[in-house]
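A.B. asks: sequence-free structure coming up:
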């Protein structure tokens, strides 16, 4: 199997979905303000975004019959960062809804449009350098303390994802170079009628290693060259994101089971 075909472990999120469904039963918290719908909207949205990450990560690295270009690489990068950023937002939206069912005054109200618009990962992380500072919502330390601690420890990863997405969406390119693959499948060039000409073959090389723009929000005139050890590789960051998502699911499930108390812990047979 290709090293560039990502496999996310989402089993814990599926179990969290079952927990939320049980919590929504009338003999537990009920479905006030359709919080379960909000939870599932966020959860299923995150699945779609994760699919986007898998797709764009694979496409930019795989051998294909079309010539490759710098613009195509940038397209896949921008799309992958949108999906990573959005997946984090969607997970936050889902956790807010689940927390709301048990402690509605400690989370954003899922029935209010103004409140929904303000749901953000900074509800979990807080943001001391904002103006004004954004405090973390108290509900997370109460119901999802393991998730909050884990996200805080991974604040640099999250910040990198947010910044790369912001710049690729609003400002410009984030791809600055890298290395192409030189391991075509047997008969690849022959199947396309391509000769031994190296320049012609190079047009079809997919990426092996992609260097991201360091501190992409820094003005160009203030940039300095980075030593090799400080280079940010797409191929390092995306697997870190994959592990981050899977671990978040495990911690959210554990926190929910520990801290969201149910009156009835199994589905009743009516």
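C.D. replies: Nice, thanks for sending it over. No experiment lies behind these values; they were computed from the predicted model shown.
A.B. asks: which SS class is the one residue sitting closest to the centre of the chain?
C.D. replies: Central residue of the chain (Cα atoms, centre = their mean): residue 84, 3.0 Å from the mean position. For residue 84, the assignment made with DSSP: H, G, I helix; E, B strand; the rest coil gives helix.
A.B. asks: where exactly do the helices run in the stretch 151-270 of the chain?
C.D. replies: With DSSP state H, counting those that start in this stretch applied, the stretch 151-270 of the chain shows helices at 155-170, 188-191, 198-202, 234-259, listed in chain order.
A.B. asks: what lies in contact with the third one?
C.D. replies: Around helix 198-202, the neighbours that count as contacts under Cβ atoms under 8 Å, 6 or more residues apart in numbering are 180, 189, 194. Every C-beta, even on glycine, is put in place using the N, C-alpha and C of the backbone.
A.B. asks: and if you look at the second one?
C.D. replies: Helix 188-191 is contacted from outside by 63, 65, 195, 201, 204, using Cβ under 8 Å, 6+ apart.
A.B. asks: the fourth one: neighbouring residues, count only.
C.D. replies: Close neighbours of residue 201, defined as other Cβ atoms under 10 Å, add up to 16.
A.B. asks: repeat for the third one
C.D. replies: Around residue 195 there are 9 other residues, counting by other Cβ under 10 Å.
A.B. asks: ok, so what distance separates residue 161 from residue 81?
C.D. replies: 6 Å (Cβ to Cβ, to the nearest Å).
A.B. asks: so for the two, which sits in the more crowded spot?
C.D. replies: Relative neighbour count places residue 81 above the other of residue 161 and residue 81, with 28 against 23, counting by other Cβ under 10 Å.
A.B. asks: what helix or strand is that one on?
C.D. replies: Secondary structure from DSSP states H and E places residue 81 in helix 70-102.
A.B. asks: off-centre distance for that helix?
C.D. replies: For helix 70-102, the distance from its own C-alpha centre to the chain's C-alpha centre is 5 Å (Cα atoms, centre = their mean, to the nearest Å).
A.B. asks: so what does that helix touch, helix or strand wise?
C.D. replies: Helices and strands in packing contact with helix 70-102 are listed as helix 11-23, helix 35-61, helix 122-125, helix 138-143, helix 155-170, strand 175-180, strand 207-212, helix 234-259; criterion 3 or more Cβ pairs under 8 Å, 6 or more residues apart in numbering; DSSP states H and E.
A.B. asks: how far off strand 207-212 does that helix point, in degrees?
C.D. replies: On the basis of axes from the mean of the first three to the mean of the last three Cα atoms, to 10 degrees, helix 70-102 is oriented at 70 degrees to strand 207-212.
A.B. asks: which residues touch the residue lying closest to residue 210 once chain neighbours are set aside?
C.D. replies: Counting by Cβ to Cβ, 6 or more residues apart in numbering, residue 210 lies nearest to residue 234, which is 3.9 Å off, once chain neighbours are set aside. Residue 234 is in contact with 77, 80, 178, 209-212, counting by Cβ under 8 Å, 6+ apart.
A.B. asks: tell me the one of those nearest residue 91?
C.D. replies: The shortest gap between residue 91 and any of the contacts of residue 234 belongs to residue 80, at 16.7 Å (Cβ to Cβ).
A.B. asks: perfect, that will be all.
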